[in-house]
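> give me a 3D structure for the following:
(one chain, ligands or ions: 1)
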Amino acid sequence: MTFVWLSLWNEIATREGTHMLDDLNNNNILFATGLKVDNFDVISNAKRVQIKQFVSMPNVQHYRILGRIEKIYEEHLWIYKCKTCFREVENQYDWIFCSQCGEDVETTTTFFNIKMVIKDCTGSMELLVKHTKAEFILRCVPSDLKKLMLKENGVQILKEYLSQFYGHTYVFIIPAPQPMNHEHCVSVVTFVLKVDWSEECLHISKGISRTGKEPMRSS
Ligand SMILES: [Zn+2]
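Numbering: from 1, shown residues only. Below is the predicted model of the structure:
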């Protein structure tokens, strides 16, 4: 089975999206035209590795790592972008100076930019998960977390909210590290996918029948 990630925007998301959610379990067939096909090559060509195998290899542009979330750093959860030019700006006040636009801009847009640690049976690594990929994992948008933080004891509530995702497993599509400096860089995740466990089991059983060896057990 192949999964296709479908993103809908604006009125299509509210109109057609609502119908699709209502009918999710009815095995409907979906016809769509005018789609922008994105990321498919990246996902289908990503090389499946474990964390300790995440090193620069010739002819590999993206890796696919099955990892469990170990920690989410609550200190730096988002960045701000100028609404006019979309460049990152320092901080959010009522007015901020955007060096690209060369003027004060009234408001900014907030995007998730979360740093996390993932783990598998071979090791752990730090990742940066941005924008909608982070919304997918945290199941909320930045303003939801900001509201949590405004509550009494907000920092503690935020920590508890984030910690509920510890132990959750995803497939992370990550660009291959640059040669020489990969140990000092936090990798920016290109895509996050739900784990299709039937596909993972099929992959493991194929590996066993090919090599006669069981893969390393998860810790
Ligand atoms: Zn700007």
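> get me the contact residues on this protein for the ion.
82, 84-85, 98, 100-101 (Cβ under 5 Å from the ion). Bear in mind the C-beta positions are built from the backbone N, C-alpha and C, glycine included.
> farthest pair within those?
Taking Cβ to Cβ, the two most distant members of these are Thr84 and Gln100; they sit 8.3 Å apart.
> thinking again about what came up before, buried subset of the residues of the chain next to the ion as a PyMOL selection?
In PyMOL syntax, the buried subset of these is picked out as below (16 or more other Cβ atoms under 10 Å):
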select buried, resi 82+98
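> max-length helix in the chain?
Counting by DSSP state H, the longest helix found in the chain is helix 197-211.
> can you list the strands that the longest strand that the chain contains pairs with?
Assignment by DSSP state E gives strand 108-120 as the longest strand of the chain. In the sheet, strand 108-120 lines up against strand 62-72 (antiparallel), strand 78-82 (antiparallel), strand 123-130 (antiparallel) (DSSP bridges).
> what is the helix or strand bottoming out on mean pLDDT in the chain packed up against?
Least confident helix or strand, the chain: helix 40-45 with a mean of 76, by mean pLDDT, DSSP states H and E. Under the contact criterion of 3 or more Cβ pairs under 8 Å, 6 or more residues apart in numbering; DSSP states H and E, helix 40-45 touches strand 62-72, strand 191-194.
> do you know which of the ones you listed lies nearest Gln178?
So among the helices and strands packed on helix 40-45, strand 62-72 is nearest, using Cβ to Cβ, at 13.1 Å.
> contacts for that closest one next, please.
With Cβ atoms under 8 Å, 6 or more residues apart in numbering as the contact definition, strand 62-72 has outside contacts at 42-43, 45-51, 54, 114-120, 124-125, 137, 162-163, 165-176, 190, 195, 200.
> are any of those buried, and which?
The neighbour-count test (16+ other Cβ under 10 Å) applied to those identifies 43, 46, 49-51, 54, 114-120, 125, 137, 162, 169-174, 176, 190 as buried.
> tell me which residue lies nearest the centroid of the chain.
The residue lying closest to the centre of the chain (Cα atoms, centre = their mean) is Lys133, at 3.3 Å.
> so it is in which element?
helix 131-138 (DSSP states H and E).
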